[in-house]
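> Can you look at this prediction? I've put the sequence above it.
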Amino acid sequence: MEKLKKLLYSQKAAPYILVLPFILSFAFFWIYPLFSTVKMSFQSILPGEVEWIGLKNYSKLLKDTAFHTAIRNSFEYMIWTLVLLIPFPMIYACFMDSRLVKLKGLYKALLYLPALTSVVVAGTIFRLMFSEMEGSQMNQFISWFGLEPIKWLKVKSTSYFALLTIACWRWTGVNMLYFLAGLKNIDSGLYESAEIDGANGLKKFIYITMPLLKPTTIYVLTISVYAGLAMFLESFMLWNGNSSPNNIGLTIVGYLYRRGIEKNQLGYASAVGLVLLVIALSINVIQLFMNGTFKKEGK
Amino acid sequence: MKRNLFSLLLCFVLAASLLIGCSSDKTPATGTGSASQDQETSETGTQEEATAEAITTAGPEDGTHLEMWTFVELHSDFYAEMLEQWNKDNPDKQLNITFTTYPYADMHNKLMLAIQSGSGAPDLCDIEIGQFPNFLQGEVQFRPLNDVIEPYKKDIVQSRLDLYSKDGNYYGIDFHVGATVMFYNTKILNQYGIDYTKIKTWDDFTAAGEQLKEAGGGKVYMTSVDTGGTDWLWLAMAEYGEDYTTDDGAPDIEIDSIKNMITMQQGWLNDGIAMISPGGQVDMEEGFANISDGNIVAFPKAMWFMSRFLNYMPEMTDTWAIAPCPVFEEGQPRSVGIGGTGTVVSNQSPNADLAAQFLAWAKLSYDGEVKIWENLGFDPLNTTIWSDETITKDPNNKYISYFVTNPFDTLNEIKDEIGKIKVGTINPAISEQFNLTILNNCFENGADAEDELATAQDELEIEY
Amino acid sequence: MERVHNISFEKNKMGMTAKNRIASAILTAFFTVLGIVVVFPFVTAVLASFRPGQELIRYGLSIKLDFSEMTFNNYKYLFTGEHSYFVWFKNSMVLTVISVVLTLIICYFVAYGLSMYDYKLKNLLFFLVIATMMVPFEILMLPLYQEMIDLKLINTTAGVILPGLCGASTIFFFRQYMIGLPRELLDAGRIDGATEFGICIRIMLPITKPAFAAMAILSGMGAWNSMLWPLLVYRDADKFTLPIGLNTLLTPYGNNYDLLIAGSCFAILPIFILFLCFQSYFIDGMTAGAVKG
């Protein structure tokens, strides 16, 4: 008994006990459902009729144009969020870090505010702003420039504008804070010596700030890839449901939801989910290896 | 700093417990409070459904307890009223039912999950007709209702039972026939000298549209075409006697009726006779606004749309007339049954038999059918009511007094012309093709109907 | 200690030059504009909450202001009407508090185990943490739902909270924070005779507080706003949380928009107050835990 206690308290056993909750949760809420998903993706599942159908679900995916639309939409959305939500927040963070800005606390709080709002609330507000009615805010706004009212959410380009507006509105502040945090860890001496060498603001940004922000950038990149590919609720709220004209707002997760929950095709939905898994995981693993993240962890 | 963190948590806990304390007495109570009456049209007294109360329980506590889900608040109000009567008539079979109203999509999704997982389904549940085929796949998880329907069957429109059947078993009981009729705004039409009773064919309708455009200076449109609803197409199919699924249930959407309807509507849009329905179709808040603003003067919709008039456009009394729909060629049938709510009894229910008895009685008995008409304004399944003059000529009935014409006159006129479109497993996918893609491309972007239909047909065949 | 390393314009460290004053004005103006743009939707939503809700759905959110139309009716109804809003509010509050407290405690221990010791499986475990971070939860949603039914956890708060308790990103963040802390503290503790867990709680926990603050806000936000999973797990309407409840008001046949718009505005308040109170810790915590190469 005493021995057991000692073992449990020993330096060797301690880490394993500490990480035990993670291992349990990983096994129960990750590995197990993941295996179920894999299994189900080879089945046709109807109430009372479960049947092995081999690769049929996957071969159907190849021909399913709505699914291809969903992949394209998710991809485009992800790419756009990367373009909009990494460089700009980085630059804003640099501005914010300058001592020339007054009232920093206020601005940080303001920019962070949207992230605190739930997608349900934000989506509803933006749906009303982008309403196709003549009196909606966006239509009134463009009418100042002499433009006719637009059916914002019926055309791909303008509806992406709306989706990305929500994304930028919600996440610019968060990403800026990540970058601000990264900036705080950069040794100010580097800037001073660069100044002595006569470097200007832009040069300092390119040769010092950007390289030293790399770890933060990788982190933001990883979560942005994930969040971009898994986007669903934004579209769900913007179109008040999972169906949009010409499927312009359909995302991979939306399609998974449509097939699995709305249409009772669990097997097919599982195949959709696994495709998403493979895409998300491979993009991020490639990205992380290219950036050498795992090598450094090994040290 | 440590103290701060814990005071944060403490604050949180305190705030939470405070809220628990003060809201515990606010948990949903029985009865339906009429909310937000301040802004709504309380003076007309027609605003029945303005309440945020999602759950109500009715019946004695010691009665057999049942759960019921609906997606329209008015439906649960109706069931609650029928329940009261049931408990009076059946002292030995007292029932206590909890009604929960969910949003349309949430309710169907939750029911689907409950059925997939074999537990958690309510005893009774409303299912919208468009979603019904999804629930008939595989082994059906509902109790067959043949035995409880039998006593009422002779007076009921048979085609409305067939819609919810599989392999000879009936699984759902509907509210109404959903006969499609034309609604006309007589005030505006009279103003421009148009007599809607003269409109017999779509050509007449188009001509009236031209006349309206000339006289009204383009401010008023004859109608609005839907990009997010297939009602017009159903009407067209029924008129031609076609169907977009074959007898085996395979998709077959490249049919003349649909092509003709879409082409005709494209013509209206080009000529400025029609507009595109804001919100995709008229049964939406945007659509109601469009109607009550007087932007459109006519549209086809099932009889149940009468209740929308009373709820959302109460100020338009004595404005709207009900008439048979125009046809492509004279002699074609002038209506089609659209929409519906099949109520099912889950076979997960421990009291399935009792639930089924109550359901059949509530929705199919003569009293129940009368109540369906009086409360909900639906055209009841029991056609003997259609000719019961104490009901059809009742001057106190709010629906009869709202409209310029008597709804039952039209209903009896088209009684034998109400077409039926089959609803099978592929139907949800077909509606999706039309509502998301085909109609949008044809009306918003002017795409060619034949091309669109051909593309969609290919995709549907993969699906099938 | 405010370290300054702007990318900008200062040459003279003594006070502000004219050039700096202009730069400062430009930057301040820039952030003011940005701030206004960001706040704009809130302002219009709040203004809209003083107007009849039905109009909003029918005609969209308008820029025009008509003060004569403004009423407090929506809020009057929110606070005195007969509806479930405050049941949802309470449910969200309880769910958020429980899940934040448990998540923080568990993730702290796990991250401690992943950063303060050297052992064979450490890198593998950390890789798994990252892997779970990169798999969208939605993929596992359906089998997880099935699992919750088998475990009899459906319709329970435990069922909502359990799968997310070991939040990978929270573990990741704590771990990043802790690998920056000096390990000598552990040895000092061991020499003093403290047990491993004693060190973990009495020595290390206090100096990890900034990370706690940051994670409290982040996971609080997540819990307060989560929608999809609770919607699946909870079956009874009296268990609904705010996002689910507000979403139920969006039905086209309900006329509940008055409650929706006022309730939406009110729902932002708690998390906003939380953020305002702990903003400085939050930013400190984020800074300290920032990803290090």
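Structure's in. What do you need?

> what does stretch C:113-124 rub up against?
For stretch C:113-124, the surrounding residues in contact (C-beta atoms under 8 Å, 6 or more residues apart in numbering or on different chains) are A:11-12, A:14-19, A:297-298, C:125-126, C:129, C:171, C:174-175, C:178-179, C:183, C:186, C:200, C:204. C-betas here are computed from N, CA, C, even on glycine.

> now do 7 Å
By C-beta atoms under 7 Å, 6 or more residues apart in numbering or on different chains, the residues outside stretch C:113-124 that reach it are A:14-15, A:18-19, A:297-298, C:125-126, C:175, C:178-179, C:183, C:186.

> Now intersect these with the helices, please.
The subset of the contacts of stretch C:113-124 located in helices under the criterion DSSP state H comprises A:14, A:15, A:18, A:19, A:297, A:298, C:125, C:126, C:175, C:178, C:186.

> Averaged pLDDT, the strand or helix carrying residue C:266. What do you get?
For residue C:266, the host element (DSSP states H and E) is helix C:257-289. The average pLDDT for helix C:257-289 rounds to 76.

> before we move on, what about stretch C:161-176?
87.

> in that stretch, what's buried?
Burial within stretch C:161-176, assessed by neighbour count using 16 or more other C-beta atoms under 10 Å in any protein chain shown, is assigned to C:161-176.

> What of stretch B:294-310?
Within stretch B:294-310, the residues that qualify as buried are B:295-310, counting by 16+ other C-beta under 10 Å.

> Next step: these restricted to strands.
Taking DSSP state E as the definition of strands, the buried residues of stretch B:294-310 contribute B:298, B:299, B:300, B:301, B:302.

> Which strands and helices lie in contact with the host helix or strand of residue C:198?
Taking DSSP H and E as the criterion, residue C:198 maps to helix C:196-198. Other helices and strands packing on helix C:196-198, by 3 or more C-beta pairs under 7 Å, 6 or more residues apart in numbering or on different chains; DSSP states H and E, are absent; none qualifies.

> and with 10 Å instead?
Taking 3 or more C-beta pairs under 10 Å, 6 or more residues apart in numbering or on different chains; DSSP states H and E as contact, the helices and strands that helix C:196-198 lies on are helix A:2-9, helix A:13-26, helix C:85-115, helix C:184-191.

> weakest of these by average pLDDT?
Of all the helices and strands packed on helix C:196-198, helix A:2-9 has the smallest average pLDDT, which comes to a mean of 70.

> Just want the most central residue of the chain.
Since no chain was named, I'll use chain A. Nearest to the mean C-alpha position of chain A, by C-alpha atoms, centre = their mean, lies residue A:227 at 1.4 Å.

> hmm, I had chain C in mind actually
Short answer for chain C (C-alpha atoms, centre = their mean): residue C:221, at 2.1 Å.

> Let me know whether the strand or helix carrying it sits next to chain A.
For residue C:221, the host element (DSSP H and E) is helix C:209-225. Yes: with C-beta under 10 Å from any C-beta of the partner chain as the criterion, chain A is reached by helix C:209-225 at C:214, C:217, C:218, C:220, C:221, C:224, C:225.

> Now narrow these to whatever sits close to chain B.
Of the entries in the residues of helix C:209-225 next to chain A, the ones placed beside chain B under the rule of C-beta under 10 Å from any C-beta are C:217, C:220.

> Please tabulate the residues of helix C:209-225 next to chain A in a markdown table, including the columns distance to residue C:120 and pLDDT.
Written out in a markdown table, the entries for those read as follows (distance: C-beta to C-beta, whole Å; pLDDT from 0 to 100):
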| residue | distance to residue C:120 | pLDDT |
| --- | --- | --- |
| C:214 | 31 | 80 |
| C:217 | 35 | 80 |
| C:218 | 31 | 81 |
| C:220 | 35 | 85 |
| C:221 | 36 | 82 |
| C:224 | 39 | 84 |
| C:225 | 39 | 82 |
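
> Tell me the one among the residues of helix C:209-225 next to chain A nearest to chain A.
Closest approach between these and chain A, by C-beta to the nearest C-beta: residue C:225, at 3.5 Å.

> since we're on the residue lying closest to the closest one once chain neighbours are set aside, how many residues are nearby?
Distance criterion C-beta to C-beta, 6 or more residues apart in numbering or on different chains; nearest residue to residue C:225, sequence neighbours excluded, is residue A:118 at 3.5 Å. By the measure other C-beta atoms under 10 Å in any protein chain shown, the count of residues near residue A:118 is 25.

> Let me see the backbone angles for residue A:118.
Dihedral pair for residue A:118: phi -70, psi 160, per degrees, to the nearest 10.

> Look up how far residue C:262 lies from it.
Relative to residue C:262, residue A:118 is positioned 15 Å away (C-beta to C-beta, to the nearest Å).

> Any residues of the stretch 251-400 of chain B in contact with chain C? List them.
Taking C-beta under 10 Å from any C-beta as the criterion, the contact residues of the stretch 251-400 of chain B with chain C come out as B:278-279, B:283-290, B:292-293, B:307-308, B:311-312.

> Give me the below-cutoff pLDDT ranges for the chain.
Unless you meant another one, I'm taking chain A. Applying pLDDT under 70 to chain A flags the ranges A:1, A:7-9, A:292-299.

> Wait, chain B was what I had in mind.
Within chain B, the stretches with pLDDT under 70 are B:1-54.

> rerun at 80
Regions of chain B meeting the criterion pLDDT under 80 cover residues B:1-56, B:73, B:103, B:117, B:119, B:218, B:285, B:464.

> from the residues of helix C:209-225 next to chain A, which would you call buried?
Looks like the residues of helix C:209-225 next to chain A have C:214, C:217, C:218, C:220, C:221, C:224, C:225 buried, using 16+ other C-beta under 10 Å.
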